[in-house]
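Asks: Requesting a structural model of the entry that follows:
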Amino acid sequence: MSKPGAFSPYQRFVVALLAFIQFTIILDFMIISPLGAILMPALSITTAQFGLVVSVYAFSAGVSGFLTAGFADRYDRKKLLLFFYAGFTLATLFCGLAPTYPLLLAARMMTGVFGGVLGSIVMAIATDLFPFEMRGRVMGLLQTAFAGSQILGLPAGIFFANRWGWHAPFLMIVTVAVMVGALAFHRLEPVDAHLKLKIDRHPLHHLVQTLTRGDYAVGFLSTALLSIGGFMMMPFGSAFAVNNLGIALGDLPEIYLITGVVSIAFGPLVGRLADRFGKYAIFLFGSAVSTVLVLYYTHMGITPLPWVIVVNTLMFLGIFSRMIPSQALVASIPSPESRGAFMSVGSSLQQIAGGFGSIIAGMIVVQTEEGRIEHFDRLGFIMVGTIFCSAVLMYFVNRVVARKVARHDPAEAALSH
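Replies: As a prediction, the model looks like this:
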């Protein structure tokens, strides 16, 4: 056993593996956004249709999460991870081979069925294997996958798309996923300590018990709300940068690259600060920074590239300072025997709420004949509203977790050591 506060060699491997899995999942979802400027004219689709491409992933992921929740704690989490990761890889391959808008829509739906559940399994494994006092760091390191997808994935994806067409980035993701999946199969140990705990494992009963626990409700609600703002702004981010801010399509990789480098550097630091000074305190700091930067960014006009990079980077640092501590807090709410179900339901609500966010965004923003994105500032106001509401909800999440940590749950100790 490693001394408190230090990762063992195997724990370092687990964090790295989960981060790479997250990298492929996040990249698969995020790659749609920068491809928007290429996809819409290539497939002759409207902003509303493009919003549907984003939201169909979310809705299928939401349905899949609910259907999986009752079974999520009945099996070794490693086996669940491998099953859904294989399905995710195959579905992403279909995205890379889809020749038309309807087939791409169907492939994105299939990707959501598998990819949406994967995130919850990753979080359940991370929470099972690491104690509360280390989870800020773990979530910070896992979030480097988000930044890594910008540093390596998005620039490479845009480069491949510009050179070989919009199908190429999906085939790139498949290549990486096959290698990561093979590593998980051979080196990840079973994650089955929760199976030793006595619970009602009938799928329907287990799901109902998870849904009806009062202390879980605030976690579900906060998880759903946190995703809405991001889902609304993300799909049209690249189109806004190109058509409203005056950024050349070829300069988008530079923006993502620099933002990602800074985020990778600061993500683990945010996690350490959350463990040291309190996860809710860092969350509030990130909320304040995000509020200011989101309002500023969504009201920008033609802007020089260096200043766009500065603003975009600071905005993402604010978002990271919300994401990392909130994930550490919400993941600490459920008891070990219902953690998989809780994470699956939470992921479903997150995806469904985000799907509605994407649809609403597609109805709010309008692309003019000249390509300009109108009403993007309205999305900024809505996101600020969700930031304020989530700060209130996260206060109650923090109280629930504080009471649980104070009780020193023996089941938690058995799982994470």
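Asks: Give me the longest helix you can find in this protein.
Replies: Assignment by DSSP state H gives helix 376-407 as the longest helix of the chain.
Asks: so what's residue 41 scoring on pLDDT?
Replies: Here the pLDDT value assigned to residue 41 is 76.
Asks: same thing with residue 34?
Replies: Residue 34 is assigned a predicted lDDT (pLDDT) of 66.
Asks: List the contacts of residue 346.
Replies: Residues near residue 346 by C-beta atoms under 8 Å, 6 or more residues apart in numbering: 120, 219-220, 223-224, 330. The C-beta positions use only the backbone N, C-alpha and C, and glycine is treated the same way.
Asks: Closest one of those residues to residue 190?
Replies: Distances from residue 190 to these, taken as C-beta to C-beta, are shortest for residue 120 (18.3 Å).
Asks: Settle this for me: the closest one is touching residue 66, isn't it.
Replies: No: if you go by C-beta atoms under 8 Å, residue 120 and residue 66 don't touch, sitting 11.1 Å apart.
Asks: Have a look at those two and say which one is more surrounded.
Replies: In this view residue 120 and residue 66 are compared by other C-beta atoms under 10 Å, and residue 120 has more residues nearby, 29 against 18.
Asks: measure the more buried one to residue 223 for me?
Replies: Look at residue 120 and residue 223: by C-beta to C-beta, to the nearest Å, they are 10 Å apart.
Asks: Quick one: mean pLDDT for the strand or helix carrying residue 345?
Replies: Taking DSSP states H and E as the criterion, residue 345 maps to helix 339-364. The average pLDDT within helix 339-364 is 78.
Asks: Run the angle between it and helix 376-407 for me.
Replies: 170 degrees (axes from the mean of the first three to the mean of the last three C-alpha atoms, to 10 degrees).
Asks: Tell me the strands beside the next helix or strand after helix 339-364, with direction?
Replies: With elements assigned by DSSP H and E, the helix or strand that comes after helix 339-364 is strand 366-367. Sheet neighbours of strand 366-367, with direction, are listed as strand 373-374 (antiparallel) (DSSP bridges).
Asks: ok, residues contacting the strand it pairs with?
Replies: When contacts are defined by C-beta under 8 Å, 6+ apart, strand 373-374 is touched by residues 47, 236, 239-240, 243-244, 365-368.
Asks: List just the nearest of those residues to residue 111.
Replies: Residue 111 lies nearest to residue 236 out of the contacts of strand 373-374, by C-beta to C-beta, at 20.2 Å.
Asks: tally of neighbours for the closest one?
Replies: The number of residues packed near residue 236 is 27, by other C-beta under 10 Å.
Asks: Buried residues in stretch 38-55, which are they?
Replies: Buried positions in stretch 38-55, judged by neighbour count with 16 or more other C-beta atoms under 10 Å: 38-40, 43, 45, 47, 50-55.
Asks: what two of the residues you listed have the greatest distance between them?
Replies: Greatest spatial distance among the buried residues of stretch 38-55 (C-beta to C-beta): 38 and 55, at 19.1 Å.
Asks: quick one: low-confidence parts of the stretch 151-300 of the chain?
Replies: Scanning the stretch 151-300 of the chain for pLDDT under 70 picks out 151-155, 197-203, 206, 230.
Asks: need the helices for it, in chain order.
Replies: Per DSSP state H, counting those that start in this stretch, the stretch 151-300 of the chain carries helices over the ranges 154-164, 168-187, 203-212, 214-233, 237-243, 252-277, 279-297.
Asks: which secondary structure elements does the fourth one contact?
Replies: Looking back up the chat, that one is helix 214-233. helix 47-69, helix 305-331, helix 339-364, helix 376-407 (3 or more C-beta pairs under 8 Å, 6 or more residues apart in numbering; DSSP states H and E).
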